[in-house]
Every structure is written in structure tokens, then in C-alpha cells.
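1. got a predicted model here, sequence first, then my questions.
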Amino acid sequence: MRQIKLTRYRKWRNRFHQGWMVIALLGMLLIPLVLVAGLILKSMLLLNTQSVLGLLTSTDWSPLSGHFGFLPFIVSSLWITILSLLISAPVCLLTAIHLTQYAKRWVLRVMHPVIDILAGIPSVIFGVWGILVIVPFISHQLGPLFGKSVSGYSILAGAIVLSIMIIPFMLNMLIDIFRAVPEELKEASLSLGASKWQTIKRVVVKKALPGIVSSFGLGMSRAFGETIAVLMVVGNVTRIPTGVFQPGYPLPALIANNYGEMLSIPLYDSALMLAALILFMVVLMFNIFSRWLIVKTETQS
Amino acid sequence: MNPKIHIQNLSLSIDRQPILKNVNLTIPKNKITVILGSSGCGKTTLLKSLNRLTDLIPGVQRSGEIILDGVNILNGGQDLVDIRQKMGLLAQRPYPLPMSIYNNITFGLRISGRHNRQFLDKRVEHYLKMVNLWEEVKDRLKDPASALSIGQQQRLCLARGLAVDPEIILADEPTSALDPISSRMIEEKFLELKNQYTIVLVTHILRQARRMADYVVLMYLGEVIEQGTPDELFNNPQHPVTKSYLSGQFY
Amino acid sequence: MMNTKNEERLFRVLMFFSTVFIVGVLLLIVGSVLYKGVPSLSFAMLTSIPKGGFYFGEDGGILNAIIGSLYLSFGATFLAFIIGWPIALYMNVYLVKYHTLVNAIRFVFDVLWGVPSIVYGAFGFILMVFLGVRASLLAGIITVSLFIVPIMVRAIDESLKSIPHGLLESSLSLGSTRSEISYRIFSREAFQGIITAILLSFGRAIGDAASVLFTTGYTDRIPTSLLEPSATLPLSIFFQLSSPIAAVQDRAYASATVLIVMVLVISLLSRLIGNRRF
């Protein structure tokens, strides 16, 4: 009798735990939907008065008169994101090949903590470092080198800081991707008389190509949404940048900088939420595409 | 013969691939039933159907009946925890629980509400002695079970299974990861235990089957080819597949 | 025309420099922040809250931000843990039969992991306006926990995933229920992974500024209830650094030193406990 009661208690407890697990899971899966719905709902106020296309292609950003042209911010975001990828991609690729194909064990033992620590450094610290090192460097060394007198707070500064931030993120993925290339494949190529470097170039990199592309995609989407560090070094001037030494004003910085006033100006909050929505959508698309690429190649092999 | 389990028309497929085809089988009580067959013939799946571990396989479909003590355990209404508690499993390799040797034995007792220290101490000693492990580990019961050798871990897993008081022991090639001495020990234990437990042993080792079996079932490609007492099956095989298996033409 | 040998030699040099570059950058970041920050660091700064005129270089400290950040991070990590831990267990103990579903769930959490924290911040802000509540520690905790749950789930999931299927079968055969297997066996087996996941999430929570900007507010006092706004370390660094006064900027560097030390300690802990990879 006691046993039966106990069994009933254990089953009830199992059901309780399972219930909480299901609720937590469904709740979390619901979050992105609620998030999108909320952002859309808020953005609709603005979208009802102006067309999406008009907003995205207009350069006129003057909230007080009700003009919300997003183009300067979108262009700034693109500049910074692409530039940061151009800087970090080769570094990551070379380092990942080095670590997985050539490096001795002790190098890996040093590099893993280095990558992990770099990945754990908060955004704001990167911003501080940018102000301390990168901005003066651009202003005093790099700018004069190109014959420009600049403040240093620029697209380039943002891109450099960002590129360092996404390095550990992409590098970790690339290392896993190169590790996943089967050893037999390399051996087959080597036994055909190819040198190690030829094997890496023609077999390893080729095999890992979809993974490489998707890690770059994920790195870009990380860069696209990064806020504080970029905001601190990029200058925040509402104008379409035409060169890397000019200041820019990317989307995340726009949202973060203006949250204070947004409730006091009509439609301003709606415009900022639209910016958040654009950010979310772009990041979402990049993420889904990149991860889909990984899943697709995983199921193929 | 006093039957313990009846299997009737059991078929099982995974992603529409048939694994078991219309299996009919009677497993006698307090005997060792050996399911013999080459790898991939479905013998492990048959064994795991008994305590419904096959429920965990993605894409599994099943029909037929497994009747344990007069009740069909494939019915939806059955409680899996109760069914599984009746059948201890000894897997191909030991999976000690991530806790001490002592707690490995008492885990099953504690979840069913036995917390009396003296009672637990006695049980631990009893079951560890039963599997000849007591002398080796009595001074380090608090050590993690993973510190034991594979052979010791397997005996611990047997003791752990016995401690929850099952009626049936399901053994899935339990000696395949072990050294010869540990294998011997497990085999001898089974021969002792069969007076109290119904044992179903899956193996592909013919000699092990000869040493252990009270009843033999030969499987081939998901079907039961032949079953009977060792005398019938080993000395007077009827089916050509059995004959070629016994003559070592395939494993 | 470059032959393969020379090409390899060139690339090996480039690879070597890339690797050294990464180490160098890390040293440069930590070094430059500490170099500027340590001289301005003082005991008083760590143990007092801002006094009048603090933001013009007068006396005071950043205790409000340190305590606020700790409250926020502990709260958010705790909340994320009691949501994320069961989810990861559910995927690996209850849903073992449904491979495709589990992979789909993993996909969603991976994607959620990639959503920028500012978007969560903006979302939290909409919710707050909708509910009519003002910026508070509680709102911050909820927002931050939303964006660290995916990290928590995937990190715990990765370590649960590596548990052999045989342990599940063995545990079931002992007559344990799935919740007993989840919390008494699987969680113990994946203990190190769970600790690493918690530390990873905590590190993310304490370092994030974009999501708390909207939701937690900023105050010079140490919050005494969940409904009060609270300062946080990243924002305190950010605000002090935007000041034109040198003394205030110096304190930003000192605050950055505090934050960097905290994050390094977390890294070190997870390396010691987690024993990851190498």
C-alpha cells in the first residue's frame, strides 16, 4: 500500500516536472513571435503614415518635423559590417588553418583560453579600448598617412573594434569546421602525392567551404547587431558616409542613443522600433541562412 | 515448462524498415533463455522490446503482443516504470550512474522510498557479495563508480539491477566488453541466479550459448528461425540456417 | 610565378602572424585598460556610492554600479537557469525519440542566441510601456534573462547531448521516472557542463549594456527592491566615459578595470571547473 502511494507520488512529481519543462520550452519558443509582433505593432504607427520604401531610401532624418529617413543608418551599418568582416575574415581563416593543421599541442593549449577570454570580454570594454587605442591611432597615425585630418571617431574605428569582437566567435566555429573534415580525406589526398599545403588548399578548405561561408555569415550578423562598442567609437553623425575616415551612425547606435527622448516626440518611438525590427529581420535572415547551410552540409556528409 | 513471457506475432520496424518479423516465442520462468544470432539480426531489438526500451527509437512502429504474467505490456494503459522495474537490464558495456559505488546500488531503493541507513547498508553488502564484488570494494564504497575497472563496473551494474528486485534479467551481450575472467564471473553468476530469476541472454557467441542455455532461440534477419532446448537445437537442428550457423559458416 | 613551396612558406608566415595578432590584441586590450585604469582605482571608489558632484569629478565611487550589476546578473542567471536547465533536460531525456523536433528546437535557440541584445532591450521597453511600469531591476533581470536563456539552453544541451544513450536505457531499466533521470542522473553526469553554462551566461549578463539601457535605468543609489531602477557597471563606464572631464574619464577606466577583472575571474573559474576541451 505504501509502495503504491509512493509510486503515485513519483509519477505525479514526474508529471509536474514535465509540465514545467513544456511550459518553459513553449514560452521560450513563443518569445521570438511575441517579439516580432510587438515590434511590428509599434512600427505600424509610422508605417501607416509613410511607405516602407520611402523610409528606407530617404536620407532626411529630422524627428521633430516627422521625417524619418533610415538610409544614413542602413548605409553606415553596411559599411561597418562589411569592413569588419574584411578585416577579421582573413585573420580567422589563417589562424583556424594554422591551429587545426599545423600548430603543436601547446599552441592550442595557449590559444583556447585566449579565444575564450577574448569572447568573454564585454562589449563596453571593447569600446573603452577603441577610445583608448584605435581612435587616437586613426587620428594621429593612419589619418595623416592618407593625408587626412580626422578625429578618429569613424567608420574605420567602429569596423576595427567590431572585427576584433567577432574574431573569437568566428574562429571557434571555423576550428570546429576544420576539425570536422575527415582525416581519411586528407590522407587520401596526401597519398596521391599532393603536398600538405596543396591538400589544405584543394581538399580541406574546399570541403569546409559551406561551413566557412556560414561562419562568416554568422559573424556578419553578430557585427550588424553589436551596439555599445561601436556606438562609442563611430562618431554618430547622421550623414551618409562616403569614406572610412568619416563618422557613421549605425542602426543599433541610433536606437541606443535616442531611447531617452523617444517618448517625447511623436512617432519617434515608432521609428526606433522600426529600426529594431529591421535589425532583427536582417540578423534573423543571416542566421537562418547560415545555419541552414551548416545543417544542409551536415546531412549531406 | 512454466512460461513467464509470451511473445505473439511481434513485428517491429524502424522508418518502415522491418527489424522484427512476426516473432512468436515463449520464455520459460527461472531458466536462462539464450537468444542467439549474428549481429544485425534483431536480437537486441527483441530484448529491448521486452521492457519497451524500443519506445525510445525514432520512427519505430510495432504490432503484436508481449504477455508478461498474463498481461499484454504493449497495451497503452500499462505503466512503463512498473514494467521496467520488473526487468533489470545488463547492457553491452557498463553504464555506472554518476555517483558513488554505494549510491549506485541504493539508487533504485532510494527512489522507491527506502531511506533507512541500516537497511541500505545491508542491501549494499548483500548484493555486492552476490556478484563477488564486496571484497574488492568494501573499503571504498564512497568512491565514484567510474573509478572501477570495466569488469568490476559490469558486476556493479548487475548488482544495481538486482537491488531493485526484478523478476527478469535482460542481458544484452553482457560480456562483450569484458576480459575473460570477468566474463567467466558473470556467466557463473547467471547460472546461480537462474533459480530466482528469469534470465534472457542475448549473445552471438555459440560457446557461451552452449554453456548457459536452458532454452535457445536462433534468430536470422529479424525472424525466429528455430527454438528449443539446447539438446534439440544443437544436436538435432532442423532448419538449414541453423545448421550452417552451428557449423560456423557465419556469425 | 610562385611555386607551391614558396606559397606554403608565405602562408605559414601569414598564419603565424594571424595567431600572434590575436594573442597580441587580447594583451593590448587588457593591458591598455589596466594601464589606464589601475592608477585611478582606489579603495574608496569600490566601497562608496556617488556623492554630490560625482559626475564633475568630486568624491564618490561606483559601489552602486558594482552591486547593481551583481544583483542583475545573479537574478538574470538564476531566472535563465530555472527556465533553461529544464528545457535542455526535456530535449535530452523526454524528447529522445523525436530527433527532428529536437534539432528544430536547437535551431531556434541557435538563432535566438544570435539576436542582438539591443533588440531584446527594445522589446523589453515596449513591454514596459505596455504594462505601464518604469525602468527597474526586475525589468532588467527579465530582459537580460530572455537573452541569456538561449545560451544557457544550448550550452547545457551540448553537454547533455554527449551522454551515451546506454545510460538512459540503464536508468530507465532501474525503474526510474524521467524526472528522476533528469535531475538525479543526467544533471549529475553533465555537472561540469552545467556549471560552465551558468558561468558563461553570468559573464554575458554582467557585460551587456544594450539591453539594460532601456530597462534597468540608472541611479546613484543601491537598489533596495526589485522595483527600483539600478545602476550597472557597463553603463556606468559608458556614462563616465562620455564626460568631458578628465577625472571622470579616469574613473571610467578604473570601472572598466573592475569589470575586466570580474570577467577574467569568471573565465578562470569556468576553465578550472569546466575543464573544457583541453
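-> Sure thing, it's come through.

2. right, is the helix or strand harbouring B:Ile169 up against chain C?
-> When elements are assigned from DSSP states H and E, B:Ile169 belongs to strand B:168-172. Yes. Counting by C-beta under 8 Å from any C-beta of the partner chain, chain C is contacted by strand B:168-172 at B:Leu170. Just so you know, the C-beta spots here come from the backbone N, C-alpha and C atoms, and that holds for glycine as well.

3. list of residues touching the helix or strand just after that strand?
-> With elements assigned by DSSP H and E, the helix or strand that comes after strand B:168-172 is helix B:180-193. Counting contacts by C-beta atoms under 8 Å, 6 or more residues apart in numbering or on different chains, the residues outside helix B:180-193 that touch it are B:32, B:90, B:130-132, B:150-152, B:154-155, B:158, B:162, B:169, B:171, B:174-175, B:178, B:199, B:201, B:208, B:211-212.

4. any of the residues you listed buried? List them.
-> Burial by neighbour count, 16 or more other C-beta atoms under 10 Å in any protein chain shown: within these this picks out B:32, B:90, B:130-131, B:151-152, B:154-155, B:158, B:162, B:169, B:171, B:174-175, B:178, B:199, B:201, B:208, B:211-212.

5. can you give me the strands in the stretch 1-150 of chain A?
-> A:61-62, A:67-68 (DSSP state E, counting those that start in this stretch).

6. pLDDT of the helix ranked longest in chain A, averaged?
-> Of all the segments assigned as helix in chain A under DSSP state H, the longest by residue count is helix A:2-47. Averaged across helix A:2-47, pLDDT comes to 90.

7. still on that earlier bit, what about chain A: which of the buried ones among the contacts of helix B:180-193 touch it?
-> When C-beta under 8 Å from any C-beta is taken as the criterion, no member of the buried ones among the contacts of helix B:180-193 contacts chain A.

8. please list the members of the residues you listed that lie in helices.
-> By the criterion of DSSP H, membership of these in helices covers B:Met130, B:Gly151, B:Gln152, B:Gln154, B:Arg155, B:Leu158, B:Leu162, B:Gln208, B:Arg211, B:Met212.

9. residues contacting the first one?
-> Residues touching B:Met130, when contacts are defined by C-beta under 8 Å, 6+ apart, comprise B:Ala159, B:Leu162, B:Lys189.

10. give me the most central residue, the chain.
-> Picking chain A for this. By C-alpha atoms, centre = their mean, the mean C-alpha position of chain A lies nearest to A:Arg222, the distance being 0.5 Å.

11. hmm, no, I was thinking of chain C.
-> In chain C, the centroid-proximal residue (C-alpha atoms, centre = their mean) is C:Arg204; its distance is 1.2 Å.

12. return the residues in contact with that residue.
-> Here C:Arg204 is in contact with C:Phe147, C:Ile148, C:Ile151 (criterion: C-beta under 8 Å, 6+ apart).

13. check which helix or strand it maps to.
-> Element membership of C:Arg204, judged by DSSP H and E, is helix C:191-207.

14. contacts for stretch C:180-196, please.
-> Where contact means C-beta under 8 Å, 6+ apart, the residues beyond stretch C:180-196 that reach it are A:10, A:14, A:17, B:97-99, B:107, B:111, C:85-86, C:89-90, C:92-94, C:155-156, C:158-160, C:163, C:167-168, C:171-172, C:176, C:270, C:273-276.

15. start to end distance for it?
-> According to C-alpha to C-alpha, to the nearest Å, stretch C:180-196 extends 22 Å from its N-terminal end residue to its C-terminal end residue.

16. can you give the distance of it from its chain's centre?
-> On the basis of C-alpha atoms, centre = their mean, to the nearest Å, stretch C:180-196 is displaced by 21 Å from the centre of the chain it belongs to.

17. quick check: buried residues in it?
-> By 16+ other C-beta under 10 Å, the buried positions in stretch C:180-196 come out as C:180-187, C:189-190, C:193-196.

18. average model confidence for it?
-> According to the model, stretch C:180-196 has a mean pLDDT of 94.

19. C:Phe11: how many residues sit nearby?
-> Using other C-beta atoms under 10 Å in any protein chain shown, C:Phe11 is surrounded by 17 other residues.

20. and it, which helix or strand is it part of?
-> Using DSSP H and E, C:Phe11 falls within helix C:4-37.
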